[in-house]
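S.K.: build me a structure from this.
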Amino acid sequence: MKPKTADRLATIAFWLLGGITVGVLLFIILQIFGRGILTALNPRFLLGKPEAMKEGGGVLPMIVSTLYLTGLTLAISLPVSLGAAVFLSEYAREGRLTNAIRFCVDSLASLPSIVFGLFGMTLFVIYFGWGYSLIAGAFTCAILNLPTLMRSSEESLRSVPGTYREASLSLGATKWTTVRQVVLPSATPGILAGTMLTIGRIIGESAAIVYTAGLFVRNIPTSPMDTAAPLAGYIWYAQTEALIPDFRRVVDGGAALLLLLVLLVNFAARRIGRYYQRKKMAGGADG
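M.R.: Numbering: from 1, shown residues only. Predicted structure coming up:
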């Protein structure tokens, strides 16, 4: 086969595969939005309290539970994952220990989320006696997302050119000063992008929080020890139990709202990453 013909066929094949992928994604998004976007944007649905046995309920406690759970999870997992990433990329020597740590982290990332849910229920809900609560769900989601955050942060730190470190050290800066003032700011776009994508995963998580945080509440949780009902778990509960006469409306509206939140988080991740990238490039040009 002539090179030009092979190149043309490969181009057509890749465009076709890409078009199929985008088409399937658009079909799913349009199906979800088409069924529930009007309900999701209804003020009564957004600001109302859920009903257990009658029609007309809203999802405000579920929205607050989702945001509360996301904040607590990041407060727990982000410092630990970032510290571990700094240690592995800047301080630890390459060897069997670091390879074993990375292997364990990668293995942990491949486990199904329901396994983390059962682990969190056994440890936090039952053994520690926290019951179904935001703090139990947050620790479970933190363990679930720790491998992803750690590996994305480590790769962002490793992508910083070694000449940056050498220049800082040659000027008399200590190792910690170099990491704090040179490496971390340069790796910020990648770390933020990984963090924002993790937020999207927390918002959409259901299996882990079903066993730890709760499924249904009528009041907005105010304490980390309160039972909560994040939106993804509540959608599963409404669909599975079908106790609400208009459960289809709640499920479709909740799914559309959840997808809208995830899309906004992904859009924000791209915007923040580009902003810091432009800021970095502008700083380099000024220097």
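
S.K.: give me the most central residue, the chain.
M.R.: The centroid of the chain falls nearest to Thr198 when counting by Cα atoms, centre = their mean (2.0 Å).

S.K.: pLDDT score assigned to it?
M.R.: Note for Thr198: predicted pLDDT of 87.

S.K.: the residue lying closest to it once chain neighbours are set aside: what secondary structure?
M.R.: Spatially, and ignoring its direct neighbours in sequence, Thr198 is nearest to Asn145 (5.0 Å; Cβ to Cβ, 6 or more residues apart in numbering). (Glycine included, C-beta is placed from N, CA and C.) Under DSSP: H, G, I helix; E, B strand; the rest coil, Asn145 falls in the helix class.

S.K.: so Asn145 is in contact with Ile203, correct?
M.R.: No. Using Cβ atoms under 8 Å, Asn145 is not in contact with Ile203, being 11.4 Å away.

S.K.: Leu72: which element?
M.R.: According to DSSP states H and E, Leu72 maps onto helix 60-86.

S.K.: what's the helix ranked longest in the chain packed up against?
M.R.: Under DSSP state H, the helix in the chain containing the largest number of residues is helix 247-286. Contacts defined by 3 or more Cβ pairs under 8 Å, 6 or more residues apart in numbering; DSSP states H and E place helix 247-286 against helix 3-40, helix 60-86, helix 184-204, helix 231-241.

S.K.: out of those helices, name the one with the poorest average pLDDT.
M.R.: It's helix 184-204: among the helices and strands packed on helix 247-286, that one has the lowest mean pLDDT, namely a mean of 85.

S.K.: quick one: that helix to helix 247-286, angle?
M.R.: 180 degrees (axes from the mean of the first three to the mean of the last three Cα atoms, to 10 degrees).

S.K.: helix 184-204: how far from the chain's middle?
M.R.: In this view, helix 184-204 has its centroid 8 Å away from the chain centroid, taken as Cα atoms, centre = their mean, to the nearest Å.

S.K.: how about it: buried residues?
M.R.: By 16 or more other Cβ atoms under 10 Å, the buried positions in helix 184-204 come out as 184, 186-204.

S.K.: buried stuff in stretch 130-138?
M.R.: Quick answer for stretch 130-138 (16+ other Cβ under 10 Å): Trp130, Tyr132, Ser133, Leu134, Ile135, Ala136, Gly137, Ala138.

S.K.: nearest to Thr240, of the residues you listed?
M.R.: Tyr132 (16.7 Å; Cβ to Cβ).

S.K.: so what's that closest one closest to, chain neighbours aside?
M.R.: Gly214 (4.4 Å).

S.K.: swap in Tyr237?
M.R.: Using Cβ to Cβ, 6+ apart, the nearest residue to Tyr237 is Leu215, at 4.1 Å.

S.K.: quick one: work out the angle between the helix holding Leu72 and helix 231-241.
M.R.: Going by the same axes, to 10 degrees, helix 60-86 makes 130 degrees with helix 231-241.

S.K.: what's the next secondary structure element after helix 60-86?
M.R.: Heading C-terminal from helix 60-86 (DSSP H and E), you reach helix 96-109.

S.K.: any idea how far that next one is from the chain center?
M.R.: 21 Å.

S.K.: now it - C-alpha only, CSV.
M.R.: What follows is helix 96-109, C-alpha atoms only, in CSV (Å, rounded to 0.1, in the frame of the first residue of the first chain):
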residue,chain,number,x,y,z
ARG,A,96,12.4,-0.9,45.9
LEU,A,97,10.6,1.1,48.6
THR,A,98,9.3,3.9,46.2
ASN,A,99,8.4,1.3,43.6
ALA,A,100,6.5,-0.7,46.2
ILE,A,101,4.6,2.5,47.3
ARG,A,102,3.7,3.4,43.7
PHE,A,103,2.6,-0.2,43.0
CYS,A,104,0.4,-0.2,46.1
VAL,A,105,-1.1,3.1,45.2
ASP,A,106,-1.9,2.1,41.6
SER,A,107,-3.4,-1.2,42.9
LEU,A,108,-5.6,0.8,45.4
ALA,A,109,-6.8,3.0,42.5
